[in-house]
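A.B. asks: Sequence and predicted structure are below.
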There are 4 protein chains.
Amino acid sequence: MSFKEGDWVLLVYEDKRYLRKLDRNFSLNVGKQVVKFEDIEGRRAGEEVKGFYLLEPTLEDIILLGFKRKTQIVYPKDSFYVAFKLGLSKEKKLLEFGVGSGASTAVFSQLAGEVWVYEVREDFYHLAMKNWERFNLCGNVKISLQDFSEAQVEENFFDCAFVDVKEPERFVEKVWKALKPGGVLASILPTTNQVVSMLRATQELFCAHEVVETLHRSYKTNPERLRPQDLMIGHTGYLFFARKRI
Amino acid sequence: MSFKEGDWVLLVYEDKRYLRKLDRNFSLNVGKQVVKFEDIEGRRAGEEVKGFYLLEPTLEDIILLGFKRKTQIVYPKDSFYVAFKLGLSKEKKLLEFGVGSGASTAVFSQLAGEVWVYEVREDFYHLAMKNWERFNLCGNVKISLQDFSEAQVEENFFDCAFVDVKEPERFVEKVWKALKPGGVLASILPTTNQVVSMLRATQELFCAHEVVETLHRSYKTNPERLRPQDLMIGHTGYLFFARKRI
Amino acid sequence: MSFKEGDWVLLVYEDKRYLRKLDRNFSLNVGKQVVKFEDIEGRRAGEEVKGFYLLEPTLEDIILLGFKRKTQIVYPKDSFYVAFKLGLSKEKKLLEFGVGSGASTAVFSQLAGEVWVYEVREDFYHLAMKNWERFNLCGNVKISLQDFSEAQVEENFFDCAFVDVKEPERFVEKVWKALKPGGVLASILPTTNQVVSMLRATQELFCAHEVVETLHRSYKTNPERLRPQDLMIGHTGYLFFARKRI
Amino acid sequence: MSFKEGDWVLLVYEDKRYLRKLDRNFSLNVGKQVVKFEDIEGRRAGEEVKGFYLLEPTLEDIILLGFKRKTQIVYPKDSFYVAFKLGLSKEKKLLEFGVGSGASTAVFSQLAGEVWVYEVREDFYHLAMKNWERFNLCGNVKISLQDFSEAQVEENFFDCAFVDVKEPERFVEKVWKALKPGGVLASILPTTNQVVSMLRATQELFCAHEVVETLHRSYKTNPERLRPQDLMIGHTGYLFFARKRI
C-alpha cells in the first residue's frame, strides 16, 4: 500500500501525532520541518520523510485526532472496554443514545452486527454522521434524529444498550423493555451523583451491577529514562453495567 | 432463550459470580442456598432462582471464571484495549505468540479476520485449545506447536502482532519481517526492566512507540454508600505498542 | 543503642515484617527459622540474625503492626498527609473526634502542640489510650470520654480540627464555633455520599474546600524485575479539607 | 489575628489561589475584581472581600505558591509522606542533599530536631536560603555549599538521610557511614532506571527496602456534581526507602 491523493495519513514526529487527508495542497509545518504532498505521494506506510513517520491511522487515531467534537467524547480507553463488556459480536444488536460526536458508535460498530442510534439534537446527529462519512465508518449503524423516549422500539429486541445522556435514569424503564432478558445495559456517568441515581433507578429492573473506572497511565518512551508522563487524564467517567432482570 | 442441558450459565449471587455448565447433576451451594439442575432448566436469562440471577456469560465472564490457567492470564482490562490498539478488523491478520491459556487470543479473534498463534510449550498449546473448545471460541485461529523463532512465516504478511513471552526482545527482528510496513507490534511486559529492553530492541526497526498501564478501579454498588472496593489489582503488565518502520 | 528487655523491635525477614516486644520468653518462628530472646539481646539496630534484620520501629511500623484495632484505622498514607494539611506545628492546638484506635492522633501529636480528643464510645476510648501507652506516644494529648456534641468547648479556640465519625455533617456548626477564623477543618469520609453531605453542610460556614484521594502503589524491590505489587489498597477514604469563614 | 503590612496572605477566589505579601501597593486583579491593600488591612482570616477569601497560608500553600524554583520541587504529597517515613522527631538529626529550591527541607525541618543540608550548586544554595528567609522557615537547618562527597561528616551521626540528586547511587557508601545503625535512607527518583540502580547499589549495605509511588487525585467540590478533576499529576518520582545494615 502506498499513499495517494484522498488517503488519510498519520504523521508521527517525535512524540507528536497529526492526522491529515492527503490532497495536492497538503503541507504540514512542525518546528522547522515542512512536509508536502510531493514528499508523501507514493511512499509506503512505515517510511520516514524529514523526520515524519508515515502511517495508516488506527481507529484510536481517527477518534482522538480526526473526529470533530462539540462536547467531550467517550475516550477510546473507555469505549474499547465497554465494547467487550457489552458482549458485542456479529450476531448482536446494540441500542445506543445519545450519539454525541459518534466516537463510541464508531468503536461499537466494529464488533456489533447492528447498531441503532437515537439522537435528539440535530447538531450532534449531523456531526456524528459527518465524522463517520469522512472516515468511512459505521456502515452497520442506523441513526434516528429522535428523542429515545419517543422512539418506537420493539420489546425484547436488543442484546445490549449503551446510554450516554445527562439523566440516564429517566430512560431506564424504556431501555429495560427494549432489551432481551439478561441483556447488558452500559452507561458512562461523569459524576458520583449520577452513579448513585442510576444505581437507584436500576435496582429493581436490573441485576449484576458493576461500576468501574479506567485509568490509563502513559510512559515516556526513552529507555534510559523510563518514567510516566507528568500529567495524566484524571477522570473521564464512571462506567456502569447491569443486566436485565425478568 | 431458555437454559437447557449443555448450556453455560452465569449465576450471580449478591456480589459473587459462578460460571457453570448445566448437566443433570448440576448443583451449586452458596451459603445456605442450593440451586440444582431442575431449578434452572427451562428458565430464561434474567430470571432469579433462590437469590441467584441466571445469565448468559459474556466473554469476560468466560475468561475470568471459565478458562483454566497455568500462569497469569492476560486480563480482559488489558486485552480489550490491546484488541483495538492493534487495529483489528475482519480484513486483518494477527500474529500471536505465546498463547498461554488462550485468553488474549479469545479476545482478539472476535475482531480479527485470522489469528495465527505459535506456542512452544505443549502444555499451553493443549490448555488453550481446550479452553477454546469448551466455550466454542476461536474458529478463525490457527495454532502451531512451535517456537516462533523456528516458524516459517511469509514476509510482510501480518497486519499486526501480539507478543507475550518472557524475552520478547529476542524475537523483534523476526516479527519485524513478518509484519506489513506500518504494522502494529504490541506486547505485555510485567517488569520495567523488560520495557527498557524492548524499547531498546525496537528503537531502530519500529516507530511511534507507546507504553501504557491500564488501572481499573471497581466500586461497591450500594447507592447509599458508593465507594471503591477496598482492594484493587495494582499491576498486571505494561502495554507496549510500536509500528514497523521500513 | 542495643536491644534489651522491654524494647520494641521490628524484625524484617525477606518481605515480611514483625513488631514484637522483647521479653525473656520472646520467640519468633518464620518458616524454618526461629529467633529467640538470646539471639537479639545486646544486638544493635541494623544487625542480621538468622535472616532477620533487627530495627527500631518507625511510627508507621507501630501503627500498622503494633496498634490493636476494632475498626479500620486511618492509614498512615492518609494521616501523614492530613497532619501537614492541618498546618500543625508546636504552637497549634488540634481538636479531634472520634479517636477510633488512636492511629491518627498518634501521627498528629508529633507535629501539634496540643491535641484535644473526644470519643463517645468507651471501648475506643480505652483502646486508643492503651495503644498510646504501649508505645509511649501522645504525651501532648488530652482525651475525653464524651460525645463532642455535648462537650463544652471555648469558641475560637482551636487552630484546626480532624473529624472521623460516621455523620460529620451533624457536627459542622459546633466545629465551626470551636475553630479560630480561617482554621482548617479536615475529615476522612469513606463514601461519596458522605462527601456530598459534607460539602453541602459546610458550604456556607467554610471556604477553600478540597477533596482528595491518596493512592499509594508499592513496588517489588528486586532490581532485575522492578514492578508494582500485584494488589494495592484501592480505597481508604476521601480526604476533605475546608477553612472557617467568618 | 488581623492582616497588616508585611503579612503573607492567601487569597482564594473560586477555585484559584494566590499567595501575596501585603504591602501598601498591593493589588490583585482577577477577572473583573480588583482587591487592594486597603481592602485587606485589618481584616481577619476567614473574611471575604469582593469574592476573595483571606486566609493565613499553610506550609503547602507556601511551597506550592510562594517558593521560587529552578527545577521541579519535591511535591508536598511526597515530602509530607517522606517526613514521617524518615521517623523524624525533635530528637532526630536528618542529613539531606541536594537542597534544590528548599521545599523538602522546609517540610522535614518541622518534624526534625536538626537538618544538615549539603548543596553543591551555588544558585540552588542561595535560592533555598532565600525561600526559607522569605517565609521565616528552617531555623533548625544548617546548610553548606559543598558537594556531599567532599563533606566531612562524622560516622554514625545521623538518624536518617534524604537524597535528591541525579545519581544517588554514587553517594550510597558515604551516606551509609554517616547514618546510625538502622538509620533510614530515603530518596526520590524520577525514573525506573534510577530505582533499579539504587536498589542494586544499596543491596548489601541496606535492608528493608521499599519503593512506593504516591498518586493524589483531586475532586471538584460541587456537591451536586462530585467528580475528580479532569487532569491529575501522573508522576513526580518513585520514593525509595531502606535502612542501614551493620
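C.D. replies: Structure received.
A.B. asks: and the longest strand that chain A contains, does that touch chain C?
C.D. replies: Of all segments of type strand in chain A, defined using DSSP state E, the longest is strand A:206-220. No: Strand A:206-220 lies apart from chain C when judged by Cβ under 8 Å from any Cβ of the partner chain; the minimum separation is 9.4 Å. For every residue, glycine as well, the C-beta is placed using N, CA and C.
A.B. asks: Any idea how many residues pack against whichever residue of chain A sits closest to chain C?
C.D. replies: Of all residues in chain A, the one sitting closest to chain C is A:Thr192 (3.9 Å; Cβ to the nearest Cβ). Here the count is done by other Cβ atoms under 10 Å in any protein chain shown, and A:Thr192 has 25 residues near it.
A.B. asks: Make sure it is actually in contact with A:Tyr238.
C.D. replies: Yes: taking contact to mean Cβ atoms under 8 Å, the distance of 7.2 Å between A:Thr192 and A:Tyr238 places them in contact.
A.B. asks: Domains in chain A, by residue range?
C.D. replies: Domain assignment for chain A, taken from automatic domain parsing, gives A:8-57, A:64-244.
A.B. asks: Looking at those, which one is packed in the most?
C.D. replies: Comparing these by mean neighbour count (mean count of other Cβ atoms under 10 Å in any protein chain shown), domain A:64-244 ranks first with a mean of 20.
A.B. asks: what packs against the strand or helix carrying A:Phe162?
C.D. replies: Assigned by DSSP states H and E, A:Phe162 belongs to strand A:158-163. Using 3 or more Cβ pairs under 8 Å, 6 or more residues apart in numbering or on different chains; DSSP states H and E, the elements in contact with strand A:158-163 are strand A:93-97, helix A:172-178, strand A:179-189.
A.B. asks: Would you reformat those as CSV and include distance to D:Gly6 and mean pLDDT?
C.D. replies: Converted to CSV, these look like this (distance: least, Cβ to Cβ, whole Å; pLDDT from 0 to 100):
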stretch, distance to D:Gly6, mean pLDDT
strand A:93-97, 61, 98
helix A:172-178, 60, 98
strand A:179-189, 49, 98
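A.B. asks: For those, give me a markdown table that also has distance to chain D.
C.D. replies: Formatted as a markdown table, the helices and strands packed on strand A:158-163 follow (distance: least, Cβ to the nearest Cβ, whole Å):
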| stretch | distance to chain D |
| --- | --- |
| strand A:93-97 | 22 |
| helix A:172-178 | 20 |
| strand A:179-189 | 9 |
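A.B. asks: coming back round to it: now do the contacts for the residue of chain A closest to chain C.
C.D. replies: Applying Cβ atoms under 8 Å, 6 or more residues apart in numbering or on different chains, one finds that A:Thr192 lies in contact with A:Tyr238, B:Leu226, C:Thr192, C:Val195, C:Val196, D:Leu226, D:Arg227.
A.B. asks: for A:Phe37, same thing?
C.D. replies: Contacts here follow Cβ under 8 Å, 6+ apart; on that basis A:Phe37 touches A:Glu5, A:Leu22, A:Asp23, A:Arg24, A:Asn25, A:Phe26, A:Ser27.
A.B. asks: Against C:Asn25, how distant is it?
C.D. replies: Counting by Cβ to Cβ, to the nearest Å, the separation of A:Phe37 from C:Asn25 is 86 Å.
A.B. asks: what does A:Glu96 give?
C.D. replies: Taken as Cβ to Cβ, the spacing of A:Glu96 relative to C:Asn25 amounts to 69 Å.
A.B. asks: Surely A:Ser149 forms part of a helix?
C.D. replies: Yes: using DSSP: H, G, I helix; E, B strand; the rest coil, the secondary structure at A:Ser149 is a helix.
A.B. asks: mind giving me JSON lines with the domains of chain A and columns for distance to B:Val141?
C.D. replies: Formatted as JSON lines, the entries for the domains of chain A read as follows, by distance: least, Cβ to Cβ, whole Å:
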{"stretch": "domain A:8-57", "distance to B:Val141": "24"}
{"stretch": "domain A:64-244", "distance to B:Val141": "15"}
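A.B. asks: Identify whichever of the ones you listed lies nearest to B:Arg121.
C.D. replies: Shortest distance between B:Arg121 and the domains of chain A, using Cβ to Cβ, is found for domain A:64-244: 27.1 Å.
A.B. asks: what about the closest one, distance to the chain center?
C.D. replies: Offset of domain A:64-244 from its chain centre (Cα atoms, centre = their mean, to the nearest Å): 8 Å.
A.B. asks: Spell out which residues of chain A are next to chain C.
C.D. replies: When proximity is defined as Cβ under 8 Å from any Cβ, chain A approaches chain C at A:Thr192, A:Asn193, A:Val195, A:Val196.
A.B. asks: Just name the closest of these to chain B, please.
C.D. replies: Nearest to chain B among the residues of chain A next to chain C is A:Val196, at 4.8 Å by Cβ to the nearest Cβ.
A.B. asks: what helix or strand is that closest one on?
C.D. replies: In this assignment (DSSP H and E), A:Val196 forms part of helix A:192-202.
A.B. asks: For the strand or helix carrying A:Val115, which strands pair with it and how are they oriented?
C.D. replies: Under the criterion of DSSP H and E, A:Val115 resides in strand A:114-119. Strand A:114-119 has the following sheet partners, assigned by DSSP bridges: strand A:93-97 (parallel), strand A:141-145 (parallel).
A.B. asks: That strand vs strand A:158-163, what angle?
C.D. replies: 30 degrees (axes from the mean of the first three to the mean of the last three Cα atoms, to 10 degrees).
A.B. asks: what element comes up after strand A:114-119 heading to the C-terminus?
C.D. replies: According to DSSP H and E, the helix or strand after strand A:114-119 is helix A:122-134.
A.B. asks: is chain B contacted by that following helix?
C.D. replies: No: counting by Cβ under 8 Å from any Cβ, chain B is not contacted by helix A:122-134; separation bottoms out at 15.1 Å.
A.B. asks: which residues touch that helix?
C.D. replies: Judged by Cβ under 8 Å, 6+ apart, the contacts made with helix A:122-134 from elsewhere in the structure are A:66-70, A:98-103, A:105-106, A:117, A:119, A:137-138, A:141, A:143, A:145.
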